[in-house]
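Student: model this:
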Amino acid sequence: MRVRSFLVVGLAVSIAATSAAACKSSGSKKTGASKNLVIATDLPLQGSNKDTSDATNKLIQLYLDQVGGKAGDYKITLKPYDDSTAATGSWDPATCTKNANAHVANKNEIAVMGTYNSGCAKLEVPILNAAPMLMISDANTNPGLTKKWNPGEPDKYYPSGKRNYARVVTTDDFQGSAAADFASQDLKLKNCYVVNDNSTYGQGVATAFVTQAQKDGITVLGNDAWDSKAPNYTALFTKIKAKNPDCLYIGGTYDLNGGQLVKDKFNVLGDNSKVKMLGPDGFTGYPDLDKQPESQGMYVTFAGLASEQLQKQGGAGGKLLDAYKAKYGAAPVGNYPLYGVAAVQVLLAAIAKSDGTRQGVISQVLGGSGVSLAADQCVLGKEIHVDAMSGDVNAKDISVLLEKNHQQGFLKAQSVQ
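Tutor: Prediction:
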């Protein structure tokens, strides 16, 4: 999943919300004949992420229908892939690897929108790099995919020495630090215990929180991993209770037994008026979490702009959300579906400007002039730029959400230091 200002040098490409023809560039060579291309999505379609992933695919297809399924001279078809299994209830390493090989083998596939989970991306990107083939994520937030983070990162994901990965969300070094600033400045918390799910994503966002919390004067009482297969966490929280924390930060994802973790936190440490509970975007977009009485009062950060605010703002994003609700009778689940569309907007802009080859698409996004979406056309309601060198986006937006009345409502936009 999920997580991080970069300037784009040269000519920026904009994409109209109603016509992909606006993405055409006179500088690219075209055969003159229409060409059929496939863009894939690679998301967990089973388990607790299912609702958000299904909504993402539906919203992308709705957008493609609105622009006539075209990017310049090219006819675009959407092909969804599932990177989860029923057994895991979440993304699965073997399935991610299998999907990556399938993307490469499908010669009509031009690029991939995904993945949702950073750990899955770290398996797929090197395989796609050899093709080469572009992946652009709506939700990966681990810094190591694009910048120095853990040993060997990010270079080890790009064996060819050239980048083939980009994203439209900010990263966990910003998300974790923004949560710590909120805990210190807004909630006035002094003593926080941190737990993480021991995943690539969870460890990264927990580390970022710990680093900034200490700078903010918060005492970090501990940082323990929780076992996703444990039947309960009573012993863990009994140990934490002895430290007398006023805050618990959960670095991880809800689908790794987060429901039991939240329940046991409530039973041992008390509700969120006693010990504040904060979490990252790994705890957004889960109807089961919203239903839990123990989750009420929890603060959650989202590495972007909340759909609730974009809906109120109107513009291209608001109009698309209105169309989705009119068609399906309800808003998309979670905040990431609109980011999935933003990633596709970048892809369509790059495809329209390209020669219709995989390398041609990569060259428009990375190593060249880069891609920009104008504020009045981007579904995120602001101008965004994908940096041609790193693949990171210039927007460093963090939203703070509050779990209340069994839904996560927008509380505030948190500034990023």
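Student: in stretch 61-78, what counts as buried?
Tutor: By neighbour count, with 16 or more other CB atoms under 10 Å as the criterion, the buried positions of stretch 61-78 are 61-64, 66-67, 69-74, 76, 78. Placement of C-beta: from N, CA and C, glycine included.
Student: same question for stretch 331-339.
Tutor: The neighbour-count check on stretch 331-339 (16+ other CB under 10 Å) flags 332, 333, 334, 335, 336, 337, 338, 339 as buried.
Student: which ones among the residues you listed map onto strands?
Tutor: Among the buried residues of stretch 331-339, no member falls in strands (DSSP state E).
Student: for this structure, give me the ranges with low pLDDT.
Tutor: Scanning the chain for pLDDT under 70 picks out the ranges 1-34, 417.
Student: one step back: quick one: which of the buried residues of stretch 331-339 sit in helices?
Tutor: Using DSSP state H, 336, 337, 338, 339 are the members of these that sit in helices.
Student: of the residues you listed, closest to residue 385?
Tutor: For residue 385, the closest of these turns out to be residue 339, at 15.3 Å, with distances computed as CB to CB.
Student: give me the element residue 250 is part of.
Tutor: Assigned by DSSP states H and E, residue 250 belongs to strand 247-251.
Student: after that strand, next one along is what?
Tutor: Heading C-terminal from strand 247-251 (DSSP H and E), you reach helix 258-269.
Student: who's in contact with that next one?
Tutor: Contacts to helix 258-269, defined as CB atoms under 8 Å, 6 or more residues apart in numbering, come from residues 195, 197, 226, 230-234, 236-238, 240-241, 245, 248, 250, 252, 275, 277, 282-283, 286, 288-289, 292-295, 298.
Student: how about a cut-off of 6 Å?
Tutor: Residues from elsewhere that reach helix 258-269, judged by CB atoms under 6 Å, 6 or more residues apart in numbering: 232, 233, 234, 237, 238, 241, 275, 292, 294, 295.
Student: show me what the nearest residue to residue 346 once chain neighbours are set aside is bridged to.
Tutor: Once its chain neighbours are removed from consideration, residue 346 has its nearest residue in residue 371; the separation is 5.2 Å (CB to CB, 6 or more residues apart in numbering). Taking DSSP bridges, one obtains residue 386 as the residues bridged to residue 371.
Student: residue 371 contacts residue 365, correct?
Tutor: Yes. Residue 371 sits in contact with residue 365 when judged by CB atoms under 6 Å, with a separation of 5.5 Å.
Student: quick one: which helix or strand includes residue 123?
Tutor: When elements are assigned from DSSP H and E, residue 123 belongs to helix 118-129.
Student: with residue 224 instead?
Tutor: Using DSSP H and E, residue 224 sits in strand 219-225.
Student: residue boundaries of the helices in the stretch 201-350 of the chain?
Tutor: Counting by DSSP state H, counting those that start in this stretch, the stretch 201-350 of the chain has helices at residues 234-241, 258-269, 287-291, 307-313, 315-328, 336-353.
Student: how much space separates the residue positioned nearest the centre of the chain from residue 265?
Tutor: Among the residues of the chain, the one closest to the centroid is residue 139, at 1.2 Å (CA atoms, centre = their mean). Using CB to CB, to the nearest Å, we find residue 139 at a distance of 25 Å from residue 265.
Student: quick revisit: tabulate the buried residues of stretch 61-78 (TSV), appending secondary structure.
Tutor: Supplementary listing: the buried residues of stretch 61-78 in TSV, determined by DSSP: H, G, I helix; E, B strand; the rest coil:
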residue	secondary structure
61	helix
62	helix
63	helix
64	helix
66	helix
67	coil
69	coil
70	strand
71	strand
72	coil
73	coil
74	strand
76	strand
78	strand
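Student: tally up the residues packed near residue 276, please.
Tutor: A count of nearby residues for residue 276, using other CB atoms under 10 Å, gives 21.
Student: first vs last residue of stretch 297-316, how far apart are they?
Tutor: For stretch 297-316, the separation between the terminal residues is 32 Å (CA to CA, to the nearest Å).
Student: run through who's touching it.
Tutor: 3, 17, 141, 169-170, 175, 179, 272, 277-281, 283-284, 317-318, 321, 335, 338-339, 377, 379-381, 397-403, 410.
Student: of these, buried ones?
Tutor: Among the contacts of stretch 297-316, those that count as buried by neighbour count (16+ other CB under 10 Å) are 3, 17, 141, 169-170, 175, 179, 272, 277-281, 283-284, 317-318, 321, 335, 338-339, 377, 379-381, 397-403, 410.
Student: what residues sit buried inside the strand holding residue 224?
Tutor: Neighbour count says strand 219-225 has 220, 221, 223, 225 buried, by 16+ other CB under 10 Å.
Student: likewise for stretch 201-213?
Tutor: Using 16+ other CB under 10 Å as the burial criterion, the residues of stretch 201-213 that qualify are 201, 202, 203, 204, 205, 206, 207, 208, 209, 210, 212, 213.
Student: any chance of these in TSV, plus distance to residue 54?
Tutor: Formatted as TSV, the buried residues of stretch 201-213 follow (distance: CB to CB, whole Å):
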residue	distance to residue 54
201	21
202	24
203	28
204	27
205	25
206	29
207	32
208	30
209	30
210	34
212	34
213	35
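Student: among those, which one lies nearest to residue 156?
Tutor: residue 204 (15.6 Å).
Student: give me every residue that touches that closest one.
Tutor: Taking CB under 6 Å, 6+ apart as the contact definition, residue 204 lies against 142, 172.
Student: not counting residues beside it along the chain, what's closest to residue 184?
Tutor: With CB to CB, 6+ apart as the measure, residue 216 is the residue that lies nearest to residue 184, at 3.8 Å, once sequence neighbours are left out.
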